[in-house]
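**Student:** this one's structure only:
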């Protein structure tokens, strides 16, 4: 669940495992339908609604579509959320009553298949998913257009050769023929948007692609060829050159410069750390997470490692209650005995998974 997956890969997995495709927005808390993947899987199917749910595929005038047609998927049932916290207008827009039944308007474009069933065909709005976060590109565009000098802006996911996941990208035009430096644009956005909403790849097309109705052609923008970087910086050191070459390979961004935002997710950062180790460069993972650019990675690697605060300095500020002092003064060699059931929190985390495995292997009671 979560995102449509590559059909060929799903068919390959389904040959060896029972593979279930699930569907359901968060607002339906959470899974609303499912179906098994088989060797004939070609398009993202939603399956049949689960017990207690019902689907309706409607035209913009709220009339049902005929078999084979596409429309917006409306979802009703016991799993619908009450609404959005502190967002009454959005709640009214998305949660609607139709013929006495409360529905959630998913915003998903769905085809009602002949003979029953539903196929996912994309979004009706432009909502994107980037590194697991849902975002509205119009929100970023509105902030971009506040940057002095910009006349047009469009935000979209752009895929490069060899990449499965699109990269959050922005195209823009200026009031004058002059180009704007990417660092300038990035700096303007950083003070107004969270880091995960910052575009990573930038384009300044000479001719703005338009549809037949005069609107921005986002499909054409997604197919733009990645040209030269907007920045013409030189490489400052052999270390910077190494890091830059590694990131260019990992991110499939051959024109990446040292001051451009990387926009890398955690798995790509792990790959970078591993490749650096093979080159004799052992980087601090925590420091890497604090860096947005290759240049920052180089700079932070040369900072003196902190030894932390000595415990003697912490003790005067540590106050324990009398009951805790008595408890700590006692011998701590007693054995903790299980009382039947064990409650393990954080069971999907790195430590929790291993604790869960040990508890299950010892079989001392339900976990």
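**Tutor:** Alright, I've got the coordinates. Because the structure is predicted, anything quoted here is derived from the model rather than measured. Residues are numbered from 1 along each chain as shown.
**Student:** ok, residues contacting stretch 217-225?
**Tutor:** With contacts defined as CB atoms under 8 Å, 6 or more residues apart in numbering, stretch 217-225 is touched by 126, 154, 156-159, 166, 169, 171, 203, 205, 209-211. In short, each C-beta sits where N, CA and C put it, glycine included.
**Student:** likewise stretch 288-302?
**Tutor:** By CB under 8 Å, 6+ apart, stretch 288-302 touches 195, 236-237, 239-240, 243-244, 247, 256-262, 269, 272-273, 281, 283-284, 287.
**Student:** out of the residues you listed, which are buried?
**Tutor:** Taking 16 or more other CB atoms under 10 Å as the criterion, what is buried in these is 239-240, 243-244, 247, 256-262, 269, 272-273, 283.
**Student:** Out of those residues, which sit inside helices?
**Tutor:** In this view, the buried ones among the contacts of stretch 288-302 that belong to helices under DSSP state H are 239, 240, 243, 244, 247, 269, 272, 273.
**Student:** Check the gap between the fourth one and residue 237 for me.
**Tutor:** When you say that, I think you mean residue 244. When CB to CB, to the nearest Å is applied, the distance between residue 244 and residue 237 equals 10 Å.
**Student:** between these two, what contacts are shared?
**Tutor:** With CB under 8 Å, 6+ apart, residue 244 and residue 237 have no common neighbours.
**Student:** got the residue ranges for the strands in the stretch 101-250 of the chain?
**Tutor:** Listed in chain order, the strands found in the stretch 101-250 of the chain under DSSP state E, counting those that start in this stretch are 101-112, 118-123, 128-130, 133-135, 150-158, 167-174, 201-203.
**Student:** Mind putting the ones you listed into TSV with mean pLDDT, mean neighbour count and distance to residue 37?
**Tutor:** TSV is the format used below for the strands of the stretch 101-250 of the chain (pLDDT from 0 to 100; neighbours: other CB atoms under 10 Å; distance: least, CB to CB, whole Å):
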stretch	mean pLDDT	mean neighbour count	distance to residue 37
strand 101-112	95	19	18
strand 118-123	89	16	14
strand 128-130	82	17	21
strand 133-135	82	13	24
strand 150-158	89	19	24
strand 167-174	89	22	28
strand 201-203	86	22	32
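**Student:** out of the ones you listed, which comes closest to residue 38?
**Tutor:** Closest to residue 38 of these is strand 118-123 (CB to CB; 14.7 Å).
**Student:** just checking, what packs against that closest one?
**Tutor:** Under the contact criterion of 3 or more CB pairs under 8 Å, 6 or more residues apart in numbering; DSSP states H and E, the helices and strands touching strand 118-123 comprise strand 101-112.
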